[in-house]
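*Asks:* After the sequence you'll find the predicted model.
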Amino acid sequence: MLLVVTAVALAWANLWSASYASLWHTPIGLQLGGWSYVQPLHFWVNDGLMTIFFFVVGLEIRREIFEGELASFKKAALPLSAAVGGMLIPAAIFAIFNHGRSGSAGWAIPMATDIAFAVGVLTLLGSRVPVALRVLLLALAVIDDIGAIIVIAIFYSAGIAPEGLILIGAGLAAVLAMRGAGVRAPVLYLVPGTVIWAGFLVFGVHPTIAGVMLGLIAPVRPWFGPSGFAETTQAQLEKLPEDDKGALLLSLDLINEARREAVSPVERLIHTLHPWVAFVVMPVFALANAGVVLGGASISGDGLWLFIGIVAGLAVGKPLGIAAAALGASRFGIATRSGDMSRKGVLLVGFVGGIGFTMSLFIAQLAFPPGPLLDTAKLAILVGSAVAIVIGLVFGATFGRSPAAPAEPTPETSADS
């Protein structure tokens, strides 16, 4: 779906550029009495809709730290090493080509991995790819997202306005108070969440960081759990009243609460929001940002070095950094590799890790104003990601098919992201 939407955006931007630009510059806003806040549609996609994407990223980080691949250093050592190498080497390659040039601000663009595309490539390879490699990719991508979030917050923020901290603090205090009081309905957190979002906007840090913050503080333990749900439901069904409608409704309410709290709010929110992020948020973001006017990109002068830096960073730097760091960490005893995680498999993870797309496009929007540099960066992201996809599929096809095994459920992921 992302490939189709990207193709539509490219065709639309180049064949009917006026209508494409006009749509994303459409002013949309709120007005209450004499107060109004109006921004173009492009702002509401990148700064508003993408907050949901980052919220799911925060939820996934929270889950992985609590009980997943980041729950202990022993588990996290391998993906942590791979992720760090996969961020530093692409940034270094980009810097070599662009140091002192006008495109130097885009150094973080090739650091990102698009987990949706990366997992999609591994899925297309089917049983050739051991489950351990998918787990490594997912954990690596979560750490990669953490790195991207830190980079955005520190290096791609506007001038700091301290008064924004007041709004952030007020919204955060409200969220924590509601959580402490046992409020579990997600819709009730929209108001304080919006206050936090506005606070980051005023503060000068990209407001999508509000989504990450809310995800990281979401409750990670269920009240009932699977066994509690089964016991409560069975007990209520055994004494379900037939004549007393009021008592019947109370029993049904308790069953519904047990059903809702059979899993943690983090798991429930990921399950609920994942389809919306995968099939609405990310495609809309791609439609709004992948429309590169090919005539507007400059593959000469500084533009050429920007293009080379991004493509080389994604297609060469990511696999080199991921594989070298992961294999080095296991060689020196910092991390351990499972028996079905071969060197060739780690290199495959490195190749698909070079698919930047969502997060790379997002960082490019922050690094460059509209103009030739941004168009060149977008084109380079599309080319570099396409090269990584092709190399990943071709290299992955050389894997021998593993013995038939029960199908593994597809992991739920975010985005970029």
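*Replies:* Nice, I can see it. Being a predicted model, the structure only gives us computed values, none of them experimental. Residues are numbered from 1 along each chain as shown.

*Asks:* The residue sitting furthest away from the middle of the chain: what secondary structure?
*Replies:* Centroid-distance maximum for the chain: residue 243 at 50.9 Å, with C-alpha atoms, centre = their mean. Using DSSP: H, G, I helix; E, B strand; the rest coil, the structure places residue 243 in coil.

*Asks:* now the chain, which segments are flagged as low pLDDT?
*Replies:* By pLDDT under 70, the weakly predicted segments of the chain are 400-417.

*Asks:* Which parts of the chain are strands?
*Replies:* 27-32, 35-40 (DSSP state E).

*Asks:* Ok, which of the ones you listed comes nearest residue 117?
*Replies:* Residue 117 lies closest to strand 35-40 among the strands of the chain, at 27.1 Å (C-beta to C-beta). Quick note: C-beta positions are derived from backbone N, CA and C, even for glycine.

*Asks:* so what strands line up beside that closest one?
*Replies:* strand 27-32 (antiparallel) (DSSP bridges).

*Asks:* can you give me how far the strand it pairs with is from the chain middle?
*Replies:* Distance, stretch centre to chain centre, for strand 27-32: 28 Å (C-alpha atoms, centre = their mean, to the nearest Å).

*Asks:* May I have that strand as PDB, with CA atoms only?
*Replies:* Extracted in PDB, the C-alpha atoms of strand 27-32 (Å, rounded to 0.1, in the frame of the first residue of the first chain):
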ATOM      1  CA  PRO A  27      -5.600  26.200   5.500                       C
ATOM      2  CA  ILE A  28      -7.300  24.300   8.300                       C
ATOM      3  CA  GLY A  29      -7.800  25.400  11.900                       C
ATOM      4  CA  LEU A  30      -9.800  26.100  15.000                       C
ATOM      5  CA  GLN A  31     -11.600  29.300  16.000                       C
ATOM      6  CA  LEU A  32     -13.200  30.100  19.400                       C
END
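
*Asks:* For that strand, buried residues please.
*Replies:* Judged by neighbour count (16 or more other C-beta atoms under 10 Å), strand 27-32 contains no buried residues.

*Asks:* quick one, what contacts residue 54?
*Replies:* Contacts were defined as C-beta atoms under 8 Å, 6 or more residues apart in numbering; by that measure residue 54 touches 149, 208-212, 215, 417.

*Asks:* okay if I get the strands of the chain as JSON lines plus distance to residue 248?
*Replies:* Converted to JSON lines, the strands of the chain look like this (distance: least, C-beta to C-beta, whole Å):
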{"stretch": "strand 27-32", "distance to residue 248": "43"}
{"stretch": "strand 35-40", "distance to residue 248": "47"}
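
*Asks:* now, which of the contacts of residue 54 lie within helices?
*Replies:* 149, 209-212, 215 (DSSP state H).

*Asks:* Surely residue 305 and residue 100 touch.
*Replies:* No - Residue 305 is not in contact with residue 100 according to C-beta atoms under 8 Å; the separation is 10.0 Å.

*Asks:* More neighbours: those two, which one.
*Replies:* The residue with more neighbours, out of residue 305 and residue 100, is residue 305; 21 against 7, by other C-beta atoms under 10 Å.

*Asks:* gap between residue 81 and residue 67?
*Replies:* Distance, residue 81 to residue 67, by C-beta to C-beta, to the nearest Å: 21 Å.

*Asks:* Those two: which is more packed in?
*Replies:* Ranked by neighbour count (other C-beta under 10 Å), residue 81 and residue 67 place residue 81 first, with 24 against 14.

*Asks:* wait, what's in contact with that one?
*Replies:* Neighbour list for residue 81: 325-326, 328-329, 334-335 [criterion: C-beta under 8 Å, 6+ apart].

*Asks:* nearest residue to it other than its sequence neighbours?
*Replies:* Nearest non-adjacent residue to residue 81, counting by C-beta to C-beta, 6 or more residues apart in numbering: residue 329, 3.7 Å away.

*Asks:* on that earlier part again, just give me the closest of the contacts of residue 54 to residue 27.
*Replies:* Among the contacts of residue 54, residue 208 lies closest to residue 27 (C-beta to C-beta), at 20.9 Å.

*Asks:* residues near that closest one, how many?
*Replies:* Using other C-beta under 10 Å, residue 208 has 25 neighbouring residues.

*Asks:* Make residue 1 into 536 and carry on from there
*Replies:* Done: numbering now begins at 536, and the last item shifts to residue 743.

*Asks:* Relative to residue 585, how far out is it?
*Replies:* Noted for residue 743: a distance of 5 Å to residue 585, by C-beta to C-beta.
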